[in-house]
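*Asks:* Give me a model of this one.
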Amino acid sequence: MKSVAGKAWKSNKVKSGMLLWLMGLFFMMLAPGLRTVTPEMKEKYEVMVVNAANMPEYHEAYQNYAEAQERVDEVKVWFWRFREPYNTQVHERQAVANKWHKEMDRLDDIREAKMKEAKAYVGLWSDFGMSEVRLRFWGAFEKGKIFAQQQTFYHMIMQVMTARNEDVLSTILNWVFVALMNFTTGLLGSLFYFFFSLINMVFSYQPDPLSALAFIVLGFIGAASVIASYLFAMYGMVASGVYVVGKVIVRDALEQEQRQRIRQAQQQY
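*Replies:* Here you go, the predicted model:
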């Protein structure tokens, strides 16, 4: 076993993989921002974010749209398309609601542009960019875990409802392996979900193409490294548990066989 591990460690591919894994873990867990943000820059950034989020005209447009849509719903009675004056009233009131909806979209574009301007001011490689990428990753990671937990729970319920005459050990092992498969599927799915979220986040900072590519690659490697570490730990724990249980079962079987031989020998004499 040691010789196999030694030969594997001498492989350049294994060394490169280990280097990427460590680099990814460092980027996602510990790496600081490469661009220094002074207290003055931080204060200005926070003001820009507040100005982007606080747009009274947007809230006014939203309120007007909600009221207009409510007036539309008031005249949407049964078969309104074939009844007058409801047919005319619906189209007239819907036109007003659509106008306010377009105004909301216009103001939302302005707010998004202001937010991009604020992010571009501090830069993608700042502490703000690093914090956001980690926040997005852990959000995606948590969604993957929740998916796995829900699927495992549903499987357990279905197995209990359609239970056959299976021993407890077989049932527990089945649950464990199903949970492993669900966590593998859920976390790999969360990795790809995070990847597309990462691309959207990177371009919101308006970086140059080279910085954008480098950040996306490092972000994906970092996410893959954390997920691989988590899955490796899970599989290692399960393998250790199965090994211990199997060892106990084999020992008990040998002891039982030995006791049976002793009884047979005693009966012969």
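
*Asks:* in the stretch 151-269 of the chain, what spans have low per-residue confidence?
*Replies:* The stretch 151-269 of the chain contains residues with pLDDT under 70 at 163-167, 253, 262, 264-269.

*Asks:* Could you identify the longest helix within the protein?
*Replies:* Secondary structure assigned by DSSP state H gives helix 209-268 as the longest helix of the chain.

*Asks:* What is it packed up against?
*Replies:* Under the contact criterion of 3 or more Cβ pairs under 8 Å, 6 or more residues apart in numbering; DSSP states H and E, helix 209-268 touches helix 12-29, helix 127-161, helix 168-204. Backbone N, C-alpha and C define where each C-beta goes, glycine included.

*Asks:* Out of those helices, which gets nearest to residue 241?
*Replies:* In terms of Cβ to Cβ, the element of the helices and strands packed on helix 209-268 nearest to residue 241 is helix 168-204, at 7.8 Å.

*Asks:* May I see the buried residues of that closest one?
*Replies:* 173, 176, 178-180, 182-184, 186-187, 190-191, 193-194, 197-198, 201-202, 204 (16 or more other Cβ atoms under 10 Å).

*Asks:* how is the protein carved up into domains?
*Replies:* Per the record, the chain has its domains at 1-35+123-269, 41-122, by automatic domain parsing.

*Asks:* distance between the ends of the shortest one?
*Replies:* What that stands for is domain 41-122. 7 Å (Cα to Cα, to the nearest Å).

*Asks:* Looking at that domain now, give me its mean pLDDT.
*Replies:* On average, the pLDDT along domain 41-122 is 92.

*Asks:* what's the answer for stretch 134-142, then?
*Replies:* For stretch 134-142, the mean confidence score works out to 96.

*Asks:* just how off-centre is that stretch within its chain?
*Replies:* In terms of Cα atoms, centre = their mean, to the nearest Å, the gap separating the centre of stretch 134-142 from the centre of its chain is 5 Å.

*Asks:* what's the closest non-adjacent residue to the residue nearest to the spatial centre of the chain?
*Replies:* Nearest to the mean C-alpha position of the chain, by Cα atoms, centre = their mean, lies residue 140 at 1.6 Å. Nearest non-adjacent residue to residue 140, counting by Cβ to Cβ, 6 or more residues apart in numbering: residue 194, 3.9 Å away.

*Asks:* do you know how far that neighbour is from residue 134?
*Replies:* As judged by Cβ to Cβ, to the nearest Å, residue 194 and residue 134 stand 11 Å apart.

*Asks:* swap in residue 178?
*Replies:* 30 Å.

*Asks:* And residue 110, by the same measure?
*Replies:* Taking Cβ to Cβ, one finds residue 110 at 29 Å from residue 134.

*Asks:* and if you look at residue 207?
*Replies:* Where residue 134 is concerned, residue 207 sits at a distance of 18 Å (Cβ to Cβ).

*Asks:* Neighbour count: residue 110 and residue 134, which is higher?
*Replies:* Taking neighbours as other Cβ atoms under 10 Å, residue 110 and residue 134 compare with residue 134 leading, 18 against 14.

*Asks:* and the gap between the more buried one and residue 28?
*Replies:* From residue 134 over to residue 28 the distance is 6 Å, taken as Cβ to Cβ.
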